[in-house]
Structure formats: C-alpha cells, structure tokens
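Visitor: following is a predicted model, sequence given first.
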Amino acid sequence: MNALTLRGGRAYDGADPIDVVLNDGTIAAIRPTGGPVAGEVVDLDGRFVGPGLWDAHVHFTQWVISSRRIDLADTRSPEDAIAAVRRAVATDAPRTDGVLVGYGYRDGLWSTPPSLAALDEAFPDDAVVLVSGDLHAGWMNTRGAERFGLRPDATGVVSERDWIGSLQRFQEAASIPVEAFAQVADAAARRGVVGVVDYENVPNFAEWPARAAAGVRSLRVDASVWPDRLEEAISLGLRTGDVLDGEGLVRMGRLKVVVDGSLNTRTAWCWDPYPGSGPHAEHGCGVQSVPVDELRRLLLRAREGGILPAVHAIGDRANTEVIEVFEELGMPGIIEHAQLVRDEDFARFVRAGLIASVQPEHAMDDRDIADVHWAGRTARAFAFGSLHRSGAALRLGSDAPVAPLDPWHAIASGTTRSRGDRDAWHPEQRLPLDVALDASTRSRLAVGQPADLVVVERDPFASERDELREMPVAATLLGGRFTHRAV
C-alpha cells in the first residue's frame, strides 16, 4: 500500500500542528509538522484529526430500505398516519411486492389507539403494513395481514414474537441492488464512520462478504448472528472476530438475543406495570421474548462455538435477569440498550464484565414517552451517566433506522441530553465528551494503531451542542485509504 502523509493537522487537544504518516494500513509516525514525509502529502491546513467513528448498533438493511418506505416519523395520531399514506398513494408511492409499507410511527403518546377497521376503511383495496419507529410492532389492515400470514386483533397491531419473526419478510434484501448498500455506506463514511455492528436478522455472515466482494468497501462490519442461524454459524466454524472477506473488512460478530420488547411499544420487560390501556395494554409489565432458561442455553451454546453474546434488554427487569444469567455463567458480554436499570444493578455491569451498548438519540426521541410510561423512574432511564460512573464500559450507536446512522448525533445527545429548543432531560446523566468519543471509536491516534481516521473542521472539545451534532467532516480514511475526501 502506498504511504500517505497528512500534513499540518491537529489532534483534538488543539496543540501544535502535527504530521500523521500512514503506511500499510497503520499509523507509522506522528511528529511535529514540517519534518520528513512519505508518499502523497495531503495538507490538512489545521483541521482536526481523530480516530474513525463506529456505530455500535445498526440494522443496515432496514436503514437502506427506510428511504423507500412511506415516512411516518412526524405523525401524531392514527389519522395523521393514514393521511400520510394517502398522500403517498396520491404520488404513486413505491410498494414492496405490491404492499404499501410505511415506517416510523410512534403510538406511545397517541390519544387514540391504532385500529384495524380504520386502515381497512381507508385502504379497502390495498395491502398496508406500517412499521413502528422502534421496529417492534407493525400496524396493518386485513389485506396486509393476510399477505404475511399474520393475525392482528382489533387494533391491527402485531408486536414482538409474531412481528419480529415476520419483519424480515418486509426487507427483501435480495431485491435491493448492491449499489443501494454502497450508497448508504458511502453516506456513513461522509460522516466519519469507519465501521458498524450490524444486528440485522438475516444471514449477515454470508451477505456482507458478498457485498464487500461486489464493491461495498467504505465500512468495516461486524456481522452478527441471531439464534435461528446460530447452529449454521457454528457448523461453518465461524467464531467472533474471524475475518469473513478477502480484504479484512467483514468480521464475524456476536450472537444477538432479544429478551424483551421496547418502550414505545410498551413491551420492554419491567418490574412495574405500564399505565393505562391501549393496543399493548395486555402486556402488563412487558414481554419476555426469550425465557431465561432459553437465554442461558443460547449463551452456553454460543460459548461452546466461540461466538460472543450481545443481549437486547430494555426494561429494568430484563436487565436484572440478563445480568444474573451473565453472572451465573461467568462470561462477559454486551447488553444492548440498557434503557431502564435498577439503581442496584448499575454496579453489576462492572462486576459481570458487561459492556453497555446504548443509543443516546433514543433518550431524545423517547423522553416524553418515558415520562408517561416510566413515570417516577426516569432518573434511571437512559442513564448513561450512572453507567459511566459505575465504571461500566460504554459503546454508542444509533439502532438505525430507529435513529440516523450518524455518531455525531449520538455524541451530541449523549453529552448534552438535549436537542432542538428543549432543555436538558435529566442532565445528571450527561456523559463527558471524552467518554462519548471513546465509546464511538475503536482505536486511538497513536503510532501502530489502524489508519482508520476522521478529519473534521472543528475541535470537538471547543464545539457547542449543535456544532457537534452537525460536525463538518473533511475526510475519512479506512486502513489508510480515503473513503471520503473533501481536502
């Protein structure tokens, strides 16, 4: 690989300008600017250089196809959602195998619940399936339900076990051109992203190497596996960390187990019941998607096969139960989301050797829903500060498409607990900026480290909230090659 010298940049500490010499995919030297150079010289003109960013939790195929679905993000009622679909139909909205698919509704604060009859009346001749913003539920009419063999009740909503198992039917990954994946990967690179952890419920260990071979080369990918493909992965001899493609961009990831639901769908497994009534009231304290005995069996089987675990746990009871299983088995792992945690459980993350993989944008999206459905408990909701102060290791992600695949959004929300014109929500749970940056990277700006770098126009440590959120990225390098360049 050709050498490259990034001349006249600055580290985030804002000290004197430096030259960063890259060679053979690693950082070969860092020295005061003006010294010997190697290979091509790129003048950074005082811009700031840092480690490339990772998004620790994405559903990549869902993110790719979200732009092809009817946008329901701004809807505030069933009537709003129906109106949005009608407008899309009037403009010849694209369909998925003949089905009108919308994405992004959040009914946690709707005063009127969804209704099967309302969708049937509005769209008597169309199959309609609307995917909730958290991906944990679908609202559909009778024709839509029939297309996918689902049986909703009078609300038209199917959630959790039945829904999650059907969600991939709406993905149609095989029909999405590889160029669409490349475009989305390139867009992530333009935001300084060098890698993602993909938790899509598809055969990632086969699909991602094929994409890399077809030219999707802007990102590193950890390709997870779900329980229904665990035995296949083990039979293939795949172990966490194994390189799966010829260039070393794709590695075998972790076993993803989903043990409960979500806040917006009111299915996160909690110690206390959800208030009121509605389409999810029958869940009471939430849903235990995978029984504890089955979780234990899956983790043991994964360990036998050399595959590390990552367990989705949102509600406080889910977190308690999952931590206890990890403690019992004496194995480290990742808890994905950790949105509501009992005070006595924060320290147990450290004792059990658990990483908390969290999504700060969710706190901004769901703060009002949490104030209603987790009333009296929000001091320990999305409690990134408490996790950090307990000593727990953190990773930041987006859960795209639930939030945009943009680590600068996560960093800004994690460090300020605010967005737009709203005051900080539980500001005691803010993260220090250095912690948020470390939780969004996998390397350091140091000799011998991978040449996965981002070059930005502003020093993050001298940036206000919205300056962080919209950080201008001048360049991104992956293994010493540019995946985005505006310098």
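Guide: Nice, I can see it.
Visitor: give me the below-cutoff pLDDT ranges for this protein.
Guide: 1, 168-174, 277-283 (pLDDT under 70).
Visitor: which ones are touching the residue nearest to the spatial centre of it?
Guide: With distances taken as CA atoms, centre = their mean, the residue of the chain nearest its centroid is residue 399 (2.1 Å). Listed by CB atoms under 8 Å, 6 or more residues apart in numbering, the contact set of residue 399 reads 57-59, 337, 359, 362. Every C-beta, even on glycine, is put in place using the N, C-alpha and C of the backbone.
Visitor: surely residue 433 and residue 412 touch.
Guide: No: counting by CB atoms under 8 Å, residue 433 does not reach residue 412; the two are 9.7 Å apart.
Visitor: re earlier: quickly name whichever of the contacts of residue 399 is closest to residue 455.
Guide: residue 58 (22.9 Å; CB to CB).
Visitor: the closest one pairs with what?
Guide: Applying DSSP bridges to residue 58 yields these beta-bridge partners: residue 198, residue 400.
Visitor: is it true that it touches residue 195?
Guide: No: look at residue 58 against residue 195 with CB under 8 Å: they stay out of range, at 10.2 Å.
Visitor: alpha carbons only: can I get the one helix or strand residue 297 maps to in CSV?
Guide: If you go by DSSP states H and E, residue 297 is part of helix 292-304. The C-alpha trace of helix 292-304 is given here as CSV (Å, rounded to 0.1, in the frame of the first residue of the first chain):
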residue,chain,number,x,y,z
VAL,A,292,-34.3,-17.0,31.0
ASP,A,293,-33.7,-20.8,30.6
GLU,A,294,-33.6,-20.4,26.8
LEU,A,295,-31.2,-17.4,27.1
ARG,A,296,-28.9,-19.5,29.3
ARG,A,297,-28.9,-22.3,26.8
LEU,A,298,-28.2,-20.0,23.9
LEU,A,299,-25.3,-18.3,25.7
LEU,A,300,-23.8,-21.6,26.6
ARG,A,301,-24.1,-23.0,23.1
ALA,A,302,-22.6,-19.8,21.7
ARG,A,303,-19.7,-20.0,24.1
GLU,A,304,-19.1,-23.6,23.0
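Visitor: next secondary structure element downstream of it?
Guide: strand 309-313.
Visitor: what's the next secondary structure element after that next one?
Guide: helix 316-329.
Visitor: about what we covered before: let's have the contacts of residue 399 in a markdown table, adding distance to residue 83.
Guide: Output for the contacts of residue 399, formatted as a markdown table (distance: CB to CB, whole Å):
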| residue | distance to residue 83 |
| --- | --- |
| 57 | 32 |
| 58 | 30 |
| 59 | 27 |
| 337 | 32 |
| 359 | 29 |
| 362 | 26 |
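Visitor: and which of those residues is nearest residue 44?
Guide: residue 58 (29.0 Å).
Visitor: distance of the closest one from residue 64?
Guide: Using CB to CB, to the nearest Å, residue 58 is found at 10 Å from residue 64.
Visitor: same question for residue 223.
Guide: 15 Å.
Visitor: which of these two has more neighbours?
Guide: residue 223 (28 against 22; other CB atoms under 10 Å).
Visitor: hmm, that one is touching residue 202, no?
Guide: No: Residue 223 is beyond contact range of residue 202, at 9.5 Å (criterion: CB under 8 Å).
Visitor: residue 408 and residue 219: what is the separation?
Guide: Residue 408 sits 16 Å away from residue 219, taking CB to CB as the criterion.
Visitor: who has more neighbours out of the two?
Guide: Ranked by neighbour count (other CB under 10 Å), residue 408 and residue 219 place residue 219 first, with 31 against 24.
Visitor: secondary structure element for the nearest residue to the more buried one once chain neighbours are set aside?
Guide: Leaving aside its sequence neighbours, residue 219 sits nearest to residue 185 (CB to CB, 6 or more residues apart in numbering; 4.9 Å). Here residue 185, judged by DSSP H and E, is contained in helix 178-189.
Visitor: now do that helix: everything it contacts.
Guide: In contact with helix 178-189 (CB under 8 Å, 6+ apart) are residues 55, 60, 63-65, 196, 211, 214-219, 405-406, 476, 478, 483-484.
Visitor: ChimeraX command for the buried members of those residues?
Guide: In ChimeraX, this line selects whichever of these come out buried by 16 or more other CB atoms under 10 Å:
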select :55,60,63,64,65,196,211,216,217,218,219,405,406,476,478,483,484
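Visitor: restricted to helices, list the contacts of helix 178-189.
Guide: Per DSSP state H, helices hold the following members of these: 60, 63-65, 211.
Visitor: with respect to residue 95, which of the residues you listed is nearest?
Guide: Closest to residue 95, out of all of those and judged by CB to CB, is residue 65, at 12.3 Å.
Visitor: and the strands in the stretch 151-300 of the chain, which stretches?
Guide: Remark: strands assigned in the stretch 151-300 of the chain by DSSP state E, counting those that start in this stretch are 157-159, 193-198, 220-225, 250-258.
Visitor: the shortest one - contacts with which helices or strands?
Guide: Looking back up the chat, that one is strand 157-159. When contacts are defined as 3 or more CB pairs under 8 Å, 6 or more residues apart in numbering; DSSP states H and E, strand 157-159 packs onto strand 137-140.
Visitor: can you tell me what sits against the strand it packs on?
Guide: Residues contacting strand 137-140 (CB under 8 Å, 6+ apart): 81, 105, 107, 114, 116, 119, 127-132, 148, 150, 152, 155-160, 163, 166-167, 265, 267, 280.
Visitor: mind listing the strands it pairs with, and their directions?
Guide: Counting by DSSP bridges, strand 137-140 is paired with strand 128-132 (antiparallel), strand 157-159 (antiparallel).
Visitor: of those strands, flag the one that's most buried.
Guide: Ranked by mean neighbour count, those are led by strand 128-132 with a mean of 27 (mean count of other CB atoms under 10 Å).
Visitor: now stretch 322-337, how far from the centre of its chain.
Guide: Offset of stretch 322-337 from its chain centre (CA atoms, centre = their mean, to the nearest Å): 20 Å.
Visitor: cool, stretch 248-262 as well?
Guide: For stretch 248-262, the distance to the chain centre is 11 Å (CA atoms, centre = their mean).
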